[in-house]
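A.B. asks: Show me how the following folds:
(2 chains)
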Amino acid sequence: MRRVYFDHSATTPVDSEVATLMMEYMTEKFGNPGSIHFFGREANKAVNEARSNVAALLGANTNEIFFTSGGTESDNLALKGVAFANRKKGNHIITTAIEHHAILHACESLEKQGFTVTYLPVDENAMVNVEDVKNAITDKTILISVMFANNEVGTIQPIKEIGQLAKEKGIYFHTDAVQAVGNYPIDVNEYNIDMLSASGHKLYGPKGVGFLYIRKGVKIESLQQGGSQERKLRAGTENVSGIVGLGKAAEKARLEMSERIAHVQGLRDNLIKGIQEKIPDIKLNGHFEKRLPGNVNFSFFYIEGESLLLNLDMKGIAASSGSACTSGSLDPSHVLLAMGMTHETAHGSLRLSLGRGNTQADVEYCLEVLPQIVEKLRSMSPLNATSKLAPSNPCSQCHHH
Amino acid sequence: MYTEKVMDHFTNPRNVGEIENANGVGEVGNAKCGDIMRIYLDVQDNIIKDVKFKTFGCGAAIATSSMVTELVMGKTVEEALKISNDAVAEALDGLPPAKMHCSNLAADALHEAIKDYIQKKGK
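C.D. replies: From the prediction side, this is the model:
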């Protein structure tokens, strides 16, 4: 069967050059970077080369890159590390309602420990308003954390403006850039970013490795105790092969950035246009222009996301949805709800995230298959443009849930 | 995560559609929860002669709707009333635990349709 992978926001395939290099650092060059002998020095040198490559991708200094196990750890380290280290300065943190759970749940944990968190709303395109950030700042605010680009609807936030604001007020600014790093050009100085989280597997690197960029001078404390790795901020023997892989992936992303974006964005625009032409009663979710090069997100009215995903999967197309069924809870995606979407529209959302391996033929195949699936599900649905729930429906109050 | 039977009923749902002049219609669920099931019955001489469904929902919602129509076809009203949500899930070789409460409402929709039939008949 033809297989089309349209879920690059979930994870990407490891670049073959990256995988080859990683294998070398697992089998032959397996040393512990902390060892003084040849094997250790060899591994240590590779880790530092990777650090330089990651720094170069973001216009950062090499000693401002700290390797972690991925985006979630980076987010936790940034938020909790800064909160605990700056407690005497204040206890207020500003973030948004559409962050990844790694940010939201870390904030909830901080709230239990005496911190106050403001969750900023977004507009119908999932965009944060810079004025809202400004108005939320108090004399107790120690940290602002706003994601660079949303993982579900792809909206790119006004990071430069928020960064500028934070800088003027002397407040640390963190951004969860897991979806953007390697897929969108970022310069930490141009954007006034103090801390930035990223993950290896979103940029054709391996899973289980990521990094936190920390601007020199930011006061932060470590969350785990042990050895003196990562300049005592992140104890534990380095994931050498993962770090080396991430470094290579970052280097390739930097060198191929503009051609990758041109390719993926072209396919994205064709897919969006095609869906809009072929399928009625739909809504494009997220900002039309300020969106990740590979993100397509639509709501298809009157049908439910999981059914859509299962049907697409049967035709070989891998995608994802903000439907409750796929979020593992009874509520649909918090991002779509924060955008003011109704539950039923949120249940019918579909995310197609494109990557460098996709082709125009993939887009055309999807445009052939998707309209048929939507039509089939709609023909089975009791909902349509004029439908109302039956007055006798005992679930009008939804007492089951 | 779904059994073969669930995928079979999801892929090739039985008795999809509406019955014109149905003498019993039942609906449960709402779009907020992500599932709406509507069952149409044609009951003659206390026997369910025809049954059809329309469902908005996930794979489990569609499969349970399809299965309940199969279970009930040709049964008496009394037999149909005994079919439970659990029995529908069992006939599908089970549902993932998370789906047992949110999407396993097909028997409820059937019972609503029978209630509607009895009410109309009484008039």
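A.B. asks: Now do the SS call for B:Val25.
C.D. replies: Of the three states, B:Val25 takes strand under DSSP: H, G, I helix; E, B strand; the rest coil.
A.B. asks: can you pull the contacts of it?
C.D. replies: Contacts here follow C-beta atoms under 8 Å, 6 or more residues apart in numbering or on different chains; on that basis B:Val25 touches A:390, B:38-41, B:113, B:116. Every residue, glycine included, has its C-beta placed from N, CA and C.
A.B. asks: A:Ser199 now?
C.D. replies: Contacts of A:Ser199 (C-beta under 8 Å, 6+ apart): A:70-71, A:74, A:178, A:181, A:209-210.
A.B. asks: what would those residues look like in JSON lines with distance to B:Ala109 and secondary structure?
C.D. replies: Conversion of those to JSON lines gives the following (distance: C-beta to C-beta, whole Å; DSSP: H, G, I helix; E, B strand; the rest coil):
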{"residue": "A:Gly70", "distance to B:Ala109": "44", "secondary structure": "coil"}
{"residue": "A:Gly71", "distance to B:Ala109": "42", "secondary structure": "helix"}
{"residue": "A:Ser74", "distance to B:Ala109": "47", "secondary structure": "helix"}
{"residue": "A:Val178", "distance to B:Ala109": "42", "secondary structure": "coil"}
{"residue": "A:Val181", "distance to B:Ala109": "48", "secondary structure": "strand"}
{"residue": "A:Val209", "distance to B:Ala109": "49", "secondary structure": "coil"}
{"residue": "A:Gly210", "distance to B:Ala109": "47", "secondary structure": "strand"}
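A.B. asks: could you pull out the helices for chain B?
C.D. replies: B:4-11, B:59-72, B:77-81, B:85-91, B:97-102, B:106-122 (DSSP state H).
A.B. asks: Figure out which of these is closest to B:Asn23.
C.D. replies: Among the helices of chain B, the nearest to B:Asn23 by C-beta to C-beta is helix B:106-122 (5.5 Å).
A.B. asks: What residues of the host helix or strand of A:Glu259 count as buried?
C.D. replies: Assigned by DSSP states H and E, A:Glu259 belongs to helix A:240-278. Going by neighbour count (16 or more other C-beta atoms under 10 Å in any protein chain shown), the buried part of helix A:240-278 is A:240-253, A:260-261, A:263-265, A:267-268, A:270-272, A:274-275.
A.B. asks: And the closest residue to chain B within the stretch 101-250 of chain A, what's its pLDDT?
C.D. replies: Of all residues in the stretch 101-250 of chain A, the one sitting closest to chain B is A:Glu152 (16.7 Å; C-beta to the nearest C-beta). pLDDT for A:Glu152: 96.
A.B. asks: Enumerate every residue touching it.
C.D. replies: So A:Glu152 contacts A:9, A:98, A:126, A:285-286, A:297, A:322, A:333, A:335-336, A:349, A:351 (C-beta under 8 Å, 6+ apart).
A.B. asks: Leaving out chain neighbours, which residue sits closest to it?
C.D. replies: Nearest non-adjacent residue to A:Glu152, counting by C-beta to C-beta, 6 or more residues apart in numbering or on different chains: A:Val335, 4.6 Å away.
A.B. asks: show me what contacts A:Gln229?
C.D. replies: A:Gln229 neighbours (C-beta under 8 Å, 6+ apart): A:33-34, A:235-238.
A.B. asks: So for it, what's the pLDDT?
C.D. replies: 97.
A.B. asks: State the distance from A:Gly355 to A:Tyr5.
C.D. replies: For A:Gly355, the distance to A:Tyr5 equals 7 Å [C-beta to C-beta, to the nearest Å].
A.B. asks: one step back: out of the contacts of A:Gln229, which is most surrounded?
C.D. replies: Each of the contacts of A:Gln229 was scored for neighbours by other C-beta atoms under 10 Å in any protein chain shown, and A:Glu238 scores highest at 22 neighbours.
A.B. asks: can you list the domain ranges for chain A.
C.D. replies: Segmentation of chain A into domains, based on automatic domain parsing, reads A:4-9+A:256-380, A:16-253.
A.B. asks: As TSV, these with distance to B:Ile48 would be great.
C.D. replies: TSV is the format used below for the domains of chain A (distance: least, C-beta to C-beta, whole Å):
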stretch	distance to B:Ile48
domain A:4-9+A:256-380	20
domain A:16-253	44
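A.B. asks: which stretch in those domains has the least confidence?
C.D. replies: domain A:4-9+A:256-380 (a mean of 94).
A.B. asks: from the chain's centre, how far out does that domain sit?
C.D. replies: Distance of domain A:4-9+A:256-380 from its chain centroid, counting by C-alpha atoms, centre = their mean, to the nearest Å, is 16 Å.
A.B. asks: For the residue nearest to A:Ile220 when sequence neighbours are not counted, give me its contacts.
C.D. replies: Nearest residue to A:Ile220, sequence neighbours excluded (C-beta to C-beta, 6+ apart): A:Gly81, at 4.1 Å. Applying C-beta under 8 Å, 6+ apart to A:Gly81 gives the contacts A:220-223, A:233.
A.B. asks: Highest neighbour count among the residues you listed?
C.D. replies: A:Ile220 (22 neighbours).
A.B. asks: which stretch of helix or strand covers that residue?
C.D. replies: Applying DSSP H and E, one finds A:Ile220 in no helix or strand.
A.B. asks: Could you give the number of residues near residue 4?
C.D. replies: Because you didn't say which chain, this covers chain A. Quick note: A:Val4 (other C-beta under 10 Å) scores 22 neighbours.
A.B. asks: was after chain B, sorry
C.D. replies: 9.
A.B. asks: ok, and the closest non-adjacent residue to it?
C.D. replies: Distances taken as C-beta to C-beta, 6+ apart place B:Asp93 nearest to B:Glu4, at 7.3 Å, with adjacent residues excluded.
A.B. asks: same thing with A:Thr138?
C.D. replies: Counting by C-beta to C-beta, 6+ apart, the residue nearest A:Thr138 is A:His92, at 5.5 Å.
A.B. asks: which ones are touching that neighbour?
C.D. replies: Listed by C-beta under 8 Å, 6+ apart, the contact partners of A:His92 are A:115-118, A:138, A:140-142.
A.B. asks: List only those of these flagged as buried.
C.D. replies: Members of the contacts of A:His92 classed as buried by 16+ other C-beta under 10 Å are A:115, A:117-118, A:141-142.
A.B. asks: Show me which of A:Gly355 and A:Tyr5 is the more surrounded one.
C.D. replies: Taking neighbours as other C-beta under 10 Å, A:Gly355 and A:Tyr5 compare with A:Gly355 leading, 23 against 19.
A.B. asks: separation between the closest residue to that one other than its chain neighbours and A:Leu336?
C.D. replies: Excluding the flanking residues, the one nearest A:Gly355 by C-beta to C-beta, 6+ apart is A:His8, at 3.6 Å. Distance, A:His8 to A:Leu336, by C-beta to C-beta: 20 Å.
A.B. asks: Neighbour count for those two, which is higher?
C.D. replies: A:Leu336 (29 against 25).
A.B. asks: for the more buried one, what are its contacts?
C.D. replies: So A:Leu336 contacts A:152-153, A:285, A:299, A:322, A:345-346, A:349 (C-beta under 8 Å, 6+ apart).
A.B. asks: Would you point out the most distant pair within those residues?
C.D. replies: A:Glu152 and A:Thr345 (13.5 Å).
A.B. asks: Which members of the contacts of A:Leu336 occur in strands, if any?
C.D. replies: Using DSSP state E, the subset of those located in strands is A:299, A:349.
A.B. asks: from the contacts of A:Leu336, which is closest to B:Ser84?
C.D. replies: For the contacts of A:Leu336, the nearest to B:Ser84 is A:Ala346 (30.5 Å; C-beta to C-beta).
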